[in-house]
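Q: only geometry, no sequence info:
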């Protein structure tokens with residue numbers, strides 16, 4: 001009888017590992033590792049398991065920031081690549097599941113409490129209706145969730161890589177600048193940590209000036225503290241584009257179960273976000289404004305939704321109710 005499973009949430013910057021109680025889904029013994037300091041996912045897992053050698057860990061679920069289409073996995077924003085079955089055999093796991101990181105975040109939603117969420121407009125979520133989840137971090141993750149016969153079914157995808165669609169002259173100028181650098185300009189090129197930098201740079205370059213070498217944290221801090229008008233413009237537009245993108249997700253699947261924002265960026269400037277044009281952009285859908293205005297948006301404030309969701313995914317796969 002297994003009591004604990006290994007769960008992981010691996011992105012382009014950090015690999016977060018923890019133990020999950022199979023009985024109740026509780027997450028414990030959290031550790032965070034910088035992916036740049038390890039040559040492989042297997043190395044990180046081995047390092048973690050050495051600290052918990054007193055536990056018999058034979059089940060694992062790792063959420064990772066890339067498409068999962070078969071046994072071979074290649075990360076989108078990092079160089080790690082591996083065979084799921086090879087890692088399973090090398091680590092002597094009975095079961096190793098590797099899922100998309102936003103599959104995990106979506107699976108956390110049924111087990112989140114009200115204290116793990118902040119609502120931004122809309123009405124109450126409608127039970128049984130589809131749910132959308134997205135979030136900006138190292139990249140832009142997107143997923144959907146539906147409930148069928150008391151089972152939660154994730155609908156994975158790579159929605160963060162859809163085309164960026166400008167909506168006014170300023171955004172057309174930004175698109176033209178970024179097209180010169182990237183060719184194809186996806187939503188992720190603007191709605192991510194590096195996307196915020198791209199927005200700032202494009203705003204300055206479109207004005208025939210030279211941008212400063214600022215980090216995402218520099219830009220958000222300068223914007224919040226009103227230290228730089230270009231940073232303020234970039235962060236304001238970031239919030240608007242995030243709202244417009246979320247409204248598109250809501251329209252695509254009729255997500256009256258709610259739209260949920262994850263990722264580590266928005267909580268860094270929460271007060272600024274609350275005062276931004278996010279919700280207005282979310283609802284600005286022409287003839288369908290009344291339709292989306294009823295859909296609630298939530299910011300996930302739980303510290304480890306990816307770990308929580310990886311545990312929920314594995315527990316449901318093993319026959320537990322979540």
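A: Looks like it came in fine. Owing to the predicted nature of the structure, the values given are computational and were not obtained by experimental measurement.
Q: Wait, residue 199 touches residue 237, no?
A: Yes: judged on CB atoms under 8 Å, residue 199 makes contact with residue 237 at a distance of 5.9 Å. C-betas here are computed from N, CA, C, even on glycine.
Q: got any residues that touch both of the two?
A: residue 174 (CB atoms under 8 Å, 6 or more residues apart in numbering).
Q: Neighbour count: the two, which is higher?
A: residue 199 (26 against 22; other CB atoms under 10 Å).
Q: Can you get me a residue count around the residue lying closest to the more buried one once chain neighbours are set aside?
A: Closest residue in space to residue 199, ignoring its immediate chain neighbours: residue 234 at 4.3 Å, by CB to CB, 6 or more residues apart in numbering. By the criterion of other CB under 10 Å, residue 234 has 29 neighbours.
Q: residues contacting residue 234?
A: Per CB under 8 Å, 6+ apart, neighbours of residue 234: 196, 199-200, 203, 219, 223.
Q: quick check, nearest of the residues you listed to residue 110?
A: Within the contacts of residue 234, proximity to residue 110 (CB to CB) peaks at residue 196, which comes in at 30.7 Å.
Q: is it true that that closest one touches residue 233?
A: No: checked against CB under 8 Å, the pair residue 196 and residue 233 is beyond contact range at 11.5 Å.
Q: More neighbours: which of those two?
A: Higher neighbour count among residue 196 and residue 233: residue 196, with 26 against 16, using other CB under 10 Å.
Q: Wasn't the more buried one part of a helix?
A: Yes: using DSSP: H, G, I helix; E, B strand; the rest coil, the secondary structure at residue 196 is a helix.
Q: can you pull the contacts of it?
A: Residue 196 neighbours (CB under 8 Å, 6+ apart): 190, 216, 219-220, 234-235, 238, 265.
Q: List the contacts of the closest residue to it other than its chain neighbours.
A: Closest residue to residue 196 apart from its sequence neighbours, by CB to CB, 6+ apart: residue 216 at 4.7 Å. Residue 216 is in contact with 193-194, 196-197, 265, counting by CB under 8 Å, 6+ apart.
Q: Just give me how far the helix or strand in which the residue nearest to residue 199 is found sits from the chain centre.
A: Taking DSSP states H and E as the criterion, residue 234 maps to helix 229-253. Centroid separation between helix 229-253 and its chain, computed with CA atoms, centre = their mean, to the nearest Å, is 15 Å.
Q: And for stretch 203-223?
A: In this view, stretch 203-223 has its centroid 24 Å away from the chain centroid, taken as CA atoms, centre = their mean.
Q: Can you measure across it, start residue to end residue?
A: Stretch 203-223 has its terminal residues 14 Å apart, counting by CA to CA, to the nearest Å.
Q: And that stretch, what's buried?
A: 203-206, 214, 216, 218-223 (16 or more other CB atoms under 10 Å).
Q: ok, how many other residues are close to residue 127?
A: Residues lying near residue 127 (other CB under 10 Å) number 8.
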